[in-house]
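K.L.:
sequence and predicted model, in that order:
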Amino acid sequence: MTGRLSAHPYTRALAALVVTLSAAAGDAQTKIAPDPNRYSLQQDVELGQEAAGEARRQLPMLDDDRVDDYVENVGAHLVSAIPAELRHAGFRYTFDVINQKEINAFALPGGPMFLNRGMMEAARTEAQMAGVMAHEIAHVALRHGTAQATKGQKFQIGAVAGQILGAIVGGAAGTAISQGSQFGLGAYFLKYGREYERQADLLGAQMMARAGYDPREMANMFKIIQAEGGRSGPEWLSSHPNPANRSDMIAKEAALLRVQGDANTGQFASIQSRLRGMSPAYTAEQIAKGQARRRPVGTSGRTVVNVDPPSSRLRTYTPTEFLRVSIPANWEQLDAGDALTYAPDGGFIEANGQTAFTHGVQIGIAQGGSGDLRRDTQQLLQTFTRGNPDLRAAGGTRRDTIGGRAGLTTPLRNVSEVTGQPEYVTLSTTQLGDGRVLYLIGVAPENEARTYESAFRRVRQSLQIADR
Ligand SMILES: [Zn+2]
């Protein structure tokens, strides 16, 4: 991934209201103008491809030719209805079906879309399924993921700082993150605000009408999603929160639109019965526990797989506009919810229904700093240790250089919930221009601490932060 660091990417004021009603005669539909975006089209494509690769590795793909062909057919038809001004060079819309039970779908920057089998089974008509797809395509065409990152929302992860370390070092929080997490980069780009939901509904409705589907079926599908969400609420709604009066808003827009022809393929019923004849789809929980994974990760039981030592070669990532970091080349960016996580193969292991990191680093940002790094670091340490009774300081906090600026590093000791073995943990912190604290956590088994500490140090020194 390439990209230039740029100054002040997240201190910009929020963009002005971007949806305006058109007064032009004969063109009644709501006009939607994309928000400012500091990312290049090529960066959208690269970010999306990277996350899509991760999704295909980590989630159980259905891989059924007939179902895939069908979804691609519907998707391609909707893509042809994207307005000319929102067709971006290099974007490629692809459609994969995940063999997962819960009603969900997501699309990544640049075009890769993933639909859960549960979504296809819950829809009552092709147009309802197409409604969710049109909504997702609209997010991609409007570049909502990177527009949101441009506003700096991407890195507001301080609220879960306590969980993050918990996830690395195991314990109850580790389970929470394995169940609640998306994967890799995707997590940053999949949660939208209500205004973007409104835009995606409106543009999605317009595309549906142009493609030949009744846009009101999108609103009907949202009602199904809401009703079938289950106890904790549907996952789809947690990343696509309901804008005000969603159904009314879609119905009003639909009244302004003329449905052009009939796009219905007539295949929906037979595709549904094909799906229903298959063995049951995996649940999110099974997937989180690794029971559905196609690629084995780690091992089971209280043992640790052999993990290759950190490569001396580094690979550079630019996970966000203001951050660049070099990581040992044999580490990968991983499935870990709301923080950037890099770990070697086998360093992310699942055992006894728990997920934990045993080797690697995680980078995050804590909100609400006091401006005093030492004090903020102590507070962060308290947050972490509160949820992890085995975690304690293993030496004093010392001055360090993090990304070329003044920082602090504290060595810690923990007992891995997964392996039962002592664990070496370091917490490094530095202040950002706006007072927030950027932190970097390194984790390794204690008997490998020396090897890993030198890797952690190289990662800390490699950081480039362009926040001022
Ligand atoms: Zn949405």
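P.N.:
Cool, got the structure.
K.L.:
what are the buried residues along stretch 208-226?
P.N.:
Neighbour counts over stretch 208-226 (16 or more other CB atoms under 10 Å) mark 208-222, 224-226 as buried. (C-beta placed from N, C-alpha, C; glycine too.)
K.L.:
now intersect these with the strands, please.
P.N.:
Assigned to strands by DSSP state E, none of these qualify.
K.L.:
residues near the residue of the chain found nearest the ion, how many?
P.N.:
Distances between the chain and the ion by CB to the ion are smallest at His240, namely 3.3 Å. As a burial measure, His240 scores 27 neighbours (other CB atoms under 10 Å).
K.L.:
skipping adjacent residues, who's closest to it in space?
P.N.:
Nearest residue to His240, sequence neighbours excluded (CB to CB, 6 or more residues apart in numbering): Glu197, at 5.6 Å.
K.L.:
wasn't that neighbour part of a strand?
P.N.:
No. Glu197: not assigned to a strand; according to DSSP: H, G, I helix; E, B strand; the rest coil it is helix.
K.L.:
do I have it right that it meets Asn242?
P.N.:
Yes. Between Glu197 and Asn242 there is a contact under CB atoms under 8 Å: 7.1 Å.
K.L.:
more neighbours, those two?
P.N.:
A direct count of neighbours by other CB under 10 Å for Glu197 and Asn242 places Glu197 higher, at 24 against 15.
K.L.:
which residues touch stretch 218-238?
P.N.:
102-105, 119, 122-124, 127-129, 131-132, 134-135, 191, 201, 204-205, 208, 242, 246-247, 250-251, 284 (CB atoms under 8 Å, 6 or more residues apart in numbering).
K.L.:
the residue nearest to Leu334 when sequence neighbours are not counted in helix, strand or coil?
P.N.:
Using CB to CB, 6+ apart and skipping the chain neighbours, the partner closest in space to Leu334 is Thr341 (4.6 Å). State at Thr341, reduced to three classes by three-state DSSP: strand.
K.L.:
Thr341 and Gly364 touch, don't they?
P.N.:
No. Contact between Thr341 and Gly364 fails when scored by CB under 8 Å: they sit 9.2 Å apart.
K.L.:
okay, these two: which has more neighbours?
P.N.:
Using other CB under 10 Å as the criterion, Thr341 and Gly364 rank with Thr341 on top: 27 against 21.
K.L.:
show me the contacts for that one.
P.N.:
Counting by CB under 8 Å, 6+ apart, Thr341 has contacts 168, 333-335, 348, 357, 360-363.
K.L.:
so how far is Ser454 from it?
P.N.:
20 Å (CB to CB, to the nearest Å).
K.L.:
mind listing residues that contact the helix or strand that contains Gln378?
P.N.:
Element membership for Gln378, per DSSP states H and E: helix 373-386. With contacts defined as CB under 8 Å, 6+ apart, helix 373-386 is touched by 161-162, 165-166, 366, 369-370, 391-393, 397, 406-408, 410, 412, 427, 429-431, 437, 439.
K.L.:
now the stretch 201-350 of the chain, which segments are flagged as low pLDDT?
P.N.:
Along the stretch 201-350 of the chain, segments meeting pLDDT under 70 span 229-234, 293-306, 335-339, 349-350.
K.L.:
flag every residue of it that's near the ion.
P.N.:
Contact residues, the stretch 201-350 of the chain versus the ion (CB under 5 Å from the ion): His240.
K.L.:
for the stretch 201-350 of the chain, what spans make up the helices?
P.N.:
Ranges of helices in the stretch 201-350 of the chain, per DSSP state H, counting those that start in this stretch, are 216-227, 235-239, 246-256, 268-276, 284-288.
K.L.:
apart from its chain neighbours, what residue comes closest to Leu142?
P.N.:
Pro34 (5.0 Å).
K.L.:
what sits against that neighbour?
P.N.:
So Pro34 contacts 18, 86, 142-143, 147 (CB under 8 Å, 6+ apart).
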